[in-house]
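Student: A structural model of the following input is requested.
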Amino acid sequence: SLHALFEHYPDVPVFLVSDGGSDYSFLKDVFPDKQIETLVEEDSRGCLTWMQLDPNNDAYLNEENQRKMVNSMEVFIDRTTRAIEYCDCEHLFVMEPDILVRGKMNIPEGAKLLGSRINNGLHSTLGEYLECFPKGKAITHWGVTPGLFHSDTFLEAASIVNEDETILPTMCKLEKRVVFYDALYPVLFALVGEEETFWADIVECFRNPNW
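Tutor: As a prediction, the model looks like this:
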């Protein structure tokens, strides 16, 4: 993935966090002339596997599960914020190894958040909650897997969440899928009135292997 990335963007900085997994610090030796930060941090996602195994239950409303969900979201927002600070770029590309990227990326003028928009149906009560914020707007589509977004706009949304500790717990109760970042990013951007824009430059490998 990094070889392919550096082929098109040789000078791009990389902030790589292993979520309770392998240590990728050897990449600094593989790419000695690149700006790469590698970290091994707590597993903030493994505790949520029950949601994917049984997605239709109401276990997410359990107090302990709610705590885990909120913590996972807080960790991810913090990591994204640190990535923005480290990379110091106008846009941040959230990269995954199971994603196909078609060469140089195109950023439509004015777009603040790019994704596949492949999913539809976020709970309407979440949309009503988002509309309570000064810039907030209701959204139904999401699919930031991966995503590319405007760094300062993300920081604006993150500051709203960081200043009010009730926001993430409320979101988790209204829509359990918001805990996963492909929905979390669009919801955060909706807080500041920005909706996900369809991005034709990427696709998840298993969705279209012949792309």
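Student: nearest residue to the middle of the chain?
Tutor: residue 181 (4.0 Å; C-alpha atoms, centre = their mean).
Student: for that residue, what are its contacts?
Tutor: Residues near residue 181 by C-beta atoms under 8 Å, 6 or more residues apart in numbering: 76, 94, 144. Every C-beta, even on glycine, is put in place using the N, C-alpha and C of the backbone.
Student: for it, grab phi and psi.
Tutor: phi -70, psi -20 (degrees, to the nearest 10).
Student: just the one 3 residues further on next, same as before
Tutor: Dihedral angles phi and psi of residue 184 (degrees, to the nearest 10) take the values phi -60, psi -40.
Student: now, which of the contacts of residue 181 lie within helices?
Tutor: Residues of the contacts of residue 181 located in helices (DSSP state H): residue 76.
Student: quick one: which of the contacts of residue 181 has the most company?
Tutor: residue 144 (27 neighbours; other C-beta atoms under 10 Å).
Student: so what's the gap between stretch 172-186 and the chain middle?
Tutor: Here stretch 172-186 is found 10 Å from its chain centre; the criterion is C-alpha atoms, centre = their mean, to the nearest Å.
Student: that stretch spans what distance, first to last residue?
Tutor: 14 Å (C-alpha to C-alpha, to the nearest Å).
Student: can you pull the buried residues of it?
Tutor: 172-186 (16 or more other C-beta atoms under 10 Å).
Student: again with stretch 94-113
Tutor: Of all the residues in stretch 94-113, those buried under the rule 16+ other C-beta under 10 Å are 94, 95, 99, 101, 107, 111, 112, 113.
Student: same question, stretch 114-127
Tutor: Under 16+ other C-beta under 10 Å, the buried positions of stretch 114-127 are 114, 115, 116, 117, 119, 122, 126, 127.
Student: the second one against residue 184, yeah?
Tutor: It stands for residue 115. No. Using C-beta atoms under 8 Å, residue 115 makes no contact with residue 184, being 11.5 Å away.
Student: so, low pLDDT: which residues of this protein?
Tutor: Residues of the chain meeting the criterion pLDDT under 70: 52-56.
Student: so which residues of it form helices?
Tutor: Using DSSP H, helices in the chain cover 2-8, 27-30, 49-53, 63-87, 124-130, 151-163, 167-174, 181-191.
Student: what helices or strands is the fourth one leaning on?
Tutor: It refers to helix 63-87. In this structure, helix 63-87 makes packing contacts with strand 14-19, strand 36-41, strand 91-94, helix 151-163, helix 167-174, helix 181-191, judged by 3 or more C-beta pairs under 8 Å, 6 or more residues apart in numbering; DSSP states H and E.
Student: just the CA trace of the first one, in PDB.
Tutor: Included here for strand 14-19 are C-alpha records, laid out as PDB according to Å, rounded to 0.1, in the frame of the first residue of the first chain:
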ATOM      1  CA  VAL A  14       2.400   9.000   6.800                       C
ATOM      2  CA  PHE A  15       0.900   8.600  10.300                       C
ATOM      3  CA  LEU A  16       0.300   4.900  10.900                       C
ATOM      4  CA  VAL A  17      -1.400   3.700  14.100                       C
ATOM      5  CA  SER A  18      -1.600   0.000  14.800                       C
ATOM      6  CA  ASP A  19      -4.800  -0.600  16.800                       C
END
